[in-house]
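Trainee: with the input below, show me the fold.
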Amino acid sequence: MDSLPAAALGHFVMKVANLGASYQFYSDLGLRPMGIFPDVAIVELRGGTHILLVPEKDETPFPLTSSHLGQRAAFFNEHLDLMINGKTRSDLEAYRAMLLQNGIPADEIAQEKFFGHDYFQLADPDGHGVTVYTTHAGEAPV
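Mentor: Prediction:
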């Protein structure tokens, strides 16, 4: 399977209380900072997907409603899953250690795997849940 999927996630919109704080937080996680604008801050994931951070209390140029994203609906009010560029538990331990060293609190790495992935969880400045997984890039489909 060398072909790419027919579609990819282009933009993910997340409501935040403080654009600057959230922009810095996601930049500190290793996402590429793209810029802060009057009504939106943009960070980029590996692969080119953009997270559009918009003020939660301000009028936005497009309608937004509350949602429950990710695999664990009970985990906070918004949820974002990220994959590091590493396949092993050791890779994930190194990434988590870097976050802790930079003052970003992160839960312990889970003892069990989730569909073959090691992972840990943390919260962004607004309490949005973020789960960080090892990647599956290059693995054969199951």
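Trainee: output the below-cut-off pLDDT ranges for the chain.
Mentor: Counting by pLDDT under 70, the ranges of the chain that qualify are 1-2, 4-8, 58-78, 137-142.
Trainee: can you pull out the helices in it?
Mentor: 19-28, 89-101 (DSSP state H).
Trainee: OK, contacts around residue 29?
Mentor: Contact partners of residue 29, counting by Cβ atoms under 8 Å, 6 or more residues apart in numbering, are 82, 99, 104, 130. For the C-beta atoms, the positions are set from N, CA and C on the backbone; glycine is no exception.
Trainee: quickly note the distance from the third one to residue 37.
Mentor: Read it as residue 104. According to Cβ to Cβ, to the nearest Å, residue 104 stands 24 Å off from residue 37.
Trainee: quick one, what contacts the closest residue to residue 27 other than its chain neighbours?
Mentor: Leaving aside its sequence neighbours, residue 27 sits nearest to residue 33 (Cβ to Cβ, 6 or more residues apart in numbering; 4.4 Å). Applying Cβ under 8 Å, 6+ apart to residue 33 gives the contacts 23, 26, 27, 43.
Trainee: same thing but at 7 Å, please
Mentor: 23, 27, 43 (Cβ atoms under 7 Å, 6 or more residues apart in numbering).
Trainee: then residue 88?
Mentor: residue 134.
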